[in-house]
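K.L.:
Sequence and predicted structure, then a few things I'm wondering about:
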Number of protein chains: 2
Amino acid sequence: MTAFTGAGINAAPFSEGVTTMGTGRNDRNKQLLVRATPTGEVGPEHFEVREVEIPTPGAGEVLIETHYLTMDAALRLIMRNSSDFLFRLGPGDLVRNTVVGRVVTSNHAGFAPGDFVVAHTGVQTYAVAKGEELEKCDTSLAPASAWLGPVGVSGLTAYFATFAECRPQPCDTVVVNGAAGAVGSMAGQFAKLAGARVIGICGSDEKCRWLENELGFDRAINYRKGDLYTQLVDAAPNRINFVFDNVGGRVLDESLRWIAMHAKVLLCGSTSQYGAEAMAGPSQYIWLGTMRASLQGFVIFDYEQRYEEARQHMARWVKEGRLKLPEHVIDGDVGDFPAGFRDFYRGANYGKMLLRLPAAR
Amino acid sequence: MTAFTGAGINAAPFSEGVTTMGTGRNDRNKQLLVRATPTGEVGPEHFEVREVEIPTPGAGEVLIETHYLTMDAALRLIMRNSSDFLFRLGPGDLVRNTVVGRVVTSNHAGFAPGDFVVAHTGVQTYAVAKGEELEKCDTSLAPASAWLGPVGVSGLTAYFATFAECRPQPCDTVVVNGAAGAVGSMAGQFAKLAGARVIGICGSDEKCRWLENELGFDRAINYRKGDLYTQLVDAAPNRINFVFDNVGGRVLDESLRWIAMHAKVLLCGSTSQYGAEAMAGPSQYIWLGTMRASLQGFVIFDYEQRYEEARQHMARWVKEGRLKLPEHVIDGDVGDFPAGFRDFYRGANYGKMLLRLPAAR
């Protein structure tokens, strides 16, 4: 790897929608496997590449050529040595990933060669999946890559966190922790559409400028610089009515110290804890008592019936120039995924970070 | 000190209601002051007794002879060296306490000698207070001492936690952390009245027997013995719908690991953290996300308009034999308060713990 396309917004090429070529079947399928269970930071040493035959689709199945891989913090969580979670990856397992790919051959009436699909087929260049397990990307609404980010699970999480779980009003102040991330960068924009005052917390001055200048946040704070609590108090004179928390840890702690009466802290993620040897809870949680506030969890899949409605609204807002779909695309092959994931976990990304494979270029 | 009246239920003498004697004005007023700010456990070394003149009530004021002092975990919190909290006690301050006392002389039309009142007058044998700051104990509903516990803030917290904040149903399982405490011993009974399955977590086998045999809990678990999580799973086959948390820390963590979908964890207190050098949050809080659950704070004073209604219900249930008002009364003088508080904080109490002063005997 890897040429960054930069802190791109709508950087994904729209031309993908017309790709129709088949793959040369002399290729091999490159797969990324877990080599070792990490403690602390995940890096290339925890993975290995294997080459196998490209699989052949059976009845009702589809062969997919992978174009985009997603950088998702939850991968760190399922690589933990813990039986607490539904999914768990250990040495020898194919690395789980939700991908966007192009249909090469199809034995399912719902899909034709050239269709772009979302598939849960892991980090590999080709995969076979049942048609029922795929979702077609409607590229008239947004580019295929956006199905992994702004109009995919990240953006939908932000959408329903804002418009269903919190419903902020113009008199409210919303703090977005992990504001430059895939969920945060959308959540802040949605809260602005609802008329609220929006403060983003992120990890660099450059990200602060991006949030304020490109995405319209009222204020962005670099949590690595100065006293976070003091800056929050300054930025939110009427205290904080909603916290969209994607990170946990110290950033959440300082936010809790400045919540308003009846505030709601919505748990969208806890990235700072996924890799921690011993997870730590929000040490300032007793403020929830004092302020009659709540810390609320939710799961995006409960809103599945409303995804289409949400995407229609998003596409309209994009067309009206009121919403941006931030993507951060890096180019590389399957073997570049581990270094990309490490950089992502260190906070390299501006919006949704994707790895674009050679087949997509 | 101190003769324990034992793990008494309704141990307080009803005869108080007819006490009418004045005090011999040759007495002095004994006050308990903070001597040093504690780190870790609070003990007698952090307090000192001072004797001063008994004060004289001015216009609109009342002289009160203190009968009962309350053991309240929040005292540990306000003795912390922290500016985070509204009230804070430092060396030289009178120890804050809500007391039940008898009116000796009154310059306020609302109170007559012999009346029992709740006063926020601290740890001292006599005090002067404005009539407006006092609440009269209606001893036709419950003994005066109960105004500090089962029909006071502790019991009211349990009442509104159950019937307003959580509203458990007969199909629900409720876990009460700190079940043998002032709030927990009432909350478990209220949840039983609502028909729910009630599991109490406490710190000794004797307390377990007390909860199951005297208070009607379906099951009690000693968190100091065996694996708490395994015992919870066994006791709550359908997972936990509501947690009334009074303690935080490990007991809360293990409860969170077994919550049901859409569970609610109600923060009634966080006693395990009040004295901790660095407070720790619930390390298993990411289960709130997975289970679409919430951790909710509330403050009893928001329900002040409904206290009377709650007390009427409680008095009726007591009369019908469906509710007990657990009190744990120890006898002693003002100077015995620190050792009593230390024992209380170590978990000595069965229900609400009170220190009965010589004037009440």
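P.N.:
Structure received. In this text, all values refer to a predicted model and were calculated from it rather than measured experimentally.
K.L.:
which residues does A:A276 contact?
P.N.:
By Cβ atoms under 8 Å, 6 or more residues apart in numbering or on different chains, A:A276 lies in contact with nothing. For the C-beta atoms, the positions are set from N, CA and C on the backbone; glycine is no exception.
K.L.:
Report the beta-bridge partners for the closest residue to chain B within the stretch 151-300 of chain A.
P.N.:
Proximity of the stretch 151-300 of chain A to chain B (Cβ to the nearest Cβ) peaks at A:G281, 2.9 Å away. Counting by DSSP bridges, A:G281 is bridged to B:G281.
K.L.:
give me the number of residues near it?
P.N.:
Using other Cβ atoms under 10 Å in any protein chain shown, A:G281 has 28 other residues around it.
K.L.:
repeat for A:L63
P.N.:
Neighbour tally, A:L63, other Cβ under 10 Å: 23.
K.L.:
where are the low-confidence patches of chain A?
P.N.:
A:1-26, A:83-86 (pLDDT under 70).
K.L.:
domains for it, by residue range?
P.N.:
With domains defined by automatic domain parsing, chain A comprises A:14-149+A:326-360, A:153-301.
K.L.:
Adding distance to B:V118, write those out as TSV.
P.N.:
Listed next are these as TSV, based on distance: least, Cβ to Cβ, whole Å:
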stretch	distance to B:V118
domain A:14-149+A:326-360	46
domain A:153-301	22
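K.L.:
how far away is the residue of the stretch 151-300 of chain A closest to chain B from A:E308?
P.N.:
Distance check for A:G281 against A:E308: by Cβ to Cβ, to the nearest Å, it reads 36 Å.
K.L.:
Then A:L355?
P.N.:
27 Å.
K.L.:
Spit out the contact partners of A:E51.
P.N.:
A:R28, A:N29, A:K30, A:Q31.
K.L.:
so where does the closest residue to the first one other than its chain neighbours fall, helix or strand?
P.N.:
Looking back up the chat, that one is A:R28. Computed as Cβ to Cβ, 6 or more residues apart in numbering or on different chains, the closest residue to A:R28 that is not its neighbour in sequence is A:E51, at 4.4 Å. Assigned by DSSP states H and E, A:E51 belongs to strand A:47-52.
K.L.:
quick revisit: and the residue nearest to A:R28, bridged to which residues?
P.N.:
Here A:E51, judged by DSSP bridges, has bridge partners A:K30.
K.L.:
Distance of it relative to A:L357?
P.N.:
15 Å.
K.L.:
What residues does the stretch 151-300 of chain A have near chain B?
P.N.:
By the rule Cβ under 8 Å from any Cβ of the partner chain, the part of the stretch 151-300 of chain A lying against chain B is A:248, A:253, A:257, A:267-270, A:273, A:278-299.
K.L.:
Can you select the buried ones among those for me in PyMOL?
P.N.:
PyMOL command restricting these to the buried ones, with burial defined by 16 or more other Cβ atoms under 10 Å in any protein chain shown:
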select buried, chain A and resi 248+253+267+268+269+270+273+279+280+281+282+283+284+285+286+287+288+289+291+292+293+294+295+296+297+298
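K.L.:
In strands, which of the residues of the stretch 151-300 of chain A next to chain B appear?
P.N.:
A:L267, A:S294, A:L295, A:Q296, A:G297 (DSSP state E).
K.L.:
could you pull out the helices for the stretch 1-150 of chain A?
P.N.:
A:74-78 (DSSP state H, counting those that start in this stretch).
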